[in-house]
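Peer 1: compute the structure for the input listed below.
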Amino acid sequence: MAAFSLKDKVPPHNLEAEQATLGAILLDAQAVGTVIRFLRPDNFYALQNQKIFEAILSLDEKGIRIDLLALMEELRQNGMLNAAGGPGYLASLTDTVPTSANIEYYANLVLDCSIRRSLLNISGKIISEAHSETAESRLVLENAQKSLFELTDANQSATVKTPRDIIPRAIELIEKLYKTKDAYTGIPSGLTDLDVMTSGFQKSELIIIGARPSVGKTALALSIAAHTSIKEKIPTAFFSLEMSDMQLIQRLLSSESRIPSDKIRTGLLRMSDFQSITDVAGQIYEAPLYIVDMPNMKLLDLRAMARRLCQQHNVQIIFIDYLTLITSENAMVPRHEQIAEISRSLKALARELNIPIVALSQVRRDAEGKNPRLLTFANPVQ
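Peer 2: So this is what the prediction gives:
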């Protein structure tokens, strides 16, 4: 086995880039605005550079112009001057860079090394959990995915744009809508009144459909899923935690053919009914509808399956029937806290996958006397 080199043991870092970034800010106080949107103190490897950048951020927040004297005074007042390398080190920073013109390049080098260090930390944690016999393998996998996505989110920098940057894209979008005459910016549900109010299901949204049992939650969700997949040809996933896949397909055949479901279950059909079912079955057969039939599905399994469906089949909308049947990993906490955590996790998943997620849920028992029911919408889209 080849021996590890010193480079393998020292975390990735670039001290020259860190010094150049700090020096550029001292040369040009306006340069801090370029890097403040994506650099944080912990992105610096050297502790003294972390302290210096913290002081720079403090000065910027106070509205004090950043220069060498102001920086030394800020560090002195906080008792961090020696931890930041002292006056000599601060004065040497401006010697490492001739101009502030390349500050964004230097700052990105600092950020790149920081991301690599974070990846090493995550890798070490994954290895440790994988070797632990007390940790469930699926939970280790979920934690690994979560850590990586959190790292991605943490390093997504906000951007500042002027109307000059945005107006061309806005006009292009308006022109596209004008040419297509499409009234909806999101995924249409097939219910005209609902789509007029919402402009369709929007990306990154978590939509909850709540009602008492047997009011029509599943029928509504299945109707919308049929419209998106059969009529719109939009890849759609339907997680069924209550009904089997066969029951769902039978209900779908019933709703699309307008033949009562009890006739389909019993087989008491006329020849014309059978012909209608056969015609509808052909349309459903070709639809990009992906049914996940798994009772007692755990939250981490649902998240993993959702990611896989989006990656492999480009699923654009997910339906979950229903929310309160999802099993939490922490069964020791009260059920209402589990539901709250599941809801937060689904919202985070919708943002992560950038698609709408529609979840069904039964209403609480204390709403029994308030007669809650699903809204009805007229003029369904044919």
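
Peer 1: Ser361 sits in which helix or strand?
Peer 2: Assigned by DSSP states H and E, Ser361 belongs to strand 357-362.

Peer 1: how about stretch 317-327: buried residues?
Peer 2: 317-323, 325-327 (16 or more other CB atoms under 10 Å). Where you see a C-beta, it was placed from the backbone N, CA and C, and this is true even at glycine.

Peer 1: which ones among those are found in helices?
Peer 2: Among the buried residues of stretch 317-327, no member falls in helices (DSSP state H).

Peer 1: where does the protein have low pLDDT?
Peer 2: Applying pLDDT under 70 to the chain flags residues 1-8, 149-150, 152-162, 165-166, 173-174, 176-184, 329-331, 364-382.

Peer 1: give me the phi and psi for Ile355.
Peer 2: phi -140, psi 160 (degrees, to the nearest 10).

Peer 1: tally of neighbours for it?
Peer 2: Neighbour count for Ile355, taken as other CB atoms under 10 Å: 24.

Peer 1: ok so, going back, distance from the chain centre to the strand holding Ser361, please.
Peer 2: 18 Å (CA atoms, centre = their mean, to the nearest Å).

Peer 1: again, but for stretch 287-295
Peer 2: The answer for stretch 287-295 is 22 Å, by CA atoms, centre = their mean.

Peer 1: which residues are contacting it?
Peer 2: 225-226, 229-230, 233-245, 248-249, 301, 305, 309, 313, 315, 325 (CB atoms under 8 Å, 6 or more residues apart in numbering).

Peer 1: ok, 10 Å please
Peer 2: Residues from elsewhere that reach stretch 287-295 (CB atoms under 10 Å, 6 or more residues apart in numbering): 225-226, 228-249, 252, 301-302, 305-306, 309, 312-316, 318-320, 325, 327.

Peer 1: what do you get for stretch 24-32?
Peer 2: So stretch 24-32 is contacted by 21, 23, 33-36, 39, 52-53, 56-57, 59-60, 64-68, 70-71, 90-91, 93-94, 96-107 (CB under 10 Å, 6+ apart).

Peer 1: filter those residues to the buried ones?
Peer 2: 21, 23, 34-36, 39, 52-53, 56-57, 59-60, 66, 70-71, 90, 93-94, 96-97, 100, 103, 106-107.

Peer 1: which parts of the stretch 201-350 of the chain are strands?
Peer 2: Taking DSSP state E, counting those that start in this stretch to define them, one finds strands in the stretch 201-350 of the chain at 206-211, 236-240, 289-293, 317-321.

Peer 1: so can I have a markdown table of those strands showing distance to Ile127?
Peer 2: Shown next, in a markdown table, are those (distance: least, CB to CB, whole Å):
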| stretch | distance to Ile127 |
| --- | --- |
| strand 206-211 | 34 |
| strand 236-240 | 32 |
| strand 289-293 | 31 |
| strand 317-321 | 32 |
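
Peer 1: of all the ones you listed, which one comes closest to Ser345?
Peer 2: strand 206-211 (9.8 Å; CB to CB).

Peer 1: strands paired with the closest one, and their directions?
Peer 2: strand 357-362 (parallel) (DSSP bridges).

Peer 1: and the helices in the stretch 101-250 of the chain?
Peer 2: Assigned by DSSP state H, counting those that start in this stretch, the helices in the stretch 101-250 of the chain fall at 103-131, 137-154, 163-180, 192-198, 217-226, 245-257.

Peer 1: reformat those helices as JSON lines; add distance to Pro11.
Peer 2: As requested, the helices of the stretch 101-250 of the chain are exported to JSON lines (distance: least, CB to CB, whole Å):
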{"stretch": "helix 103-131", "distance to Pro11": "5"}
{"stretch": "helix 137-154", "distance to Pro11": "15"}
{"stretch": "helix 163-180", "distance to Pro11": "37"}
{"stretch": "helix 192-198", "distance to Pro11": "48"}
{"stretch": "helix 217-226", "distance to Pro11": "48"}
{"stretch": "helix 245-257", "distance to Pro11": "49"}
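
Peer 1: so which of these gets nearest Ile277?
Peer 2: Nearest of the helices of the stretch 101-250 of the chain to Ile277, taken as CB to CB: helix 245-257 at 5.1 Å.

Peer 1: got the CA coordinates for that closest one in PDB?
Peer 2: Only the C-alpha atoms of helix 245-257 are listed here, as PDB (Å, rounded to 0.1, in the frame of the first residue of the first chain):
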ATOM      1  CA  ASP A 245     -51.300   0.000  -6.700                       C
ATOM      2  CA  MET A 246     -54.100  -2.200  -8.100                       C
ATOM      3  CA  GLN A 247     -56.800  -0.300  -6.100                       C
ATOM      4  CA  LEU A 248     -55.400   3.000  -7.400                       C
ATOM      5  CA  ILE A 249     -55.400   1.900 -11.000                       C
ATOM      6  CA  GLN A 250     -59.000   0.600 -10.700                       C
ATOM      7  CA  ARG A 251     -60.000   4.000  -9.300                       C
ATOM      8  CA  LEU A 252     -58.200   5.700 -12.100                       C
ATOM      9  CA  LEU A 253     -59.900   3.600 -14.700                       C
ATOM     10  CA  SER A 254     -63.300   4.300 -13.100                       C
ATOM     11  CA  SER A 255     -62.800   8.100 -12.900                       C
ATOM     12  CA  GLU A 256     -61.400   8.300 -16.500                       C
ATOM     13  CA  SER A 257     -64.000   6.100 -18.000                       C
END
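
Peer 1: thought Leu248 was touching Leu222?
Peer 2: Yes - with contact defined as CB atoms under 10 Å, Leu248 reaches Leu222; the gap is 6.8 Å.

Peer 1: the two: which is more packed in?
Peer 2: Leu222 (23 against 20).

Peer 1: Tyr322 is in contact with that one, correct?
Peer 2: No - Leu222 is beyond contact range of Tyr322, at 12.0 Å (criterion: CB under 10 Å).
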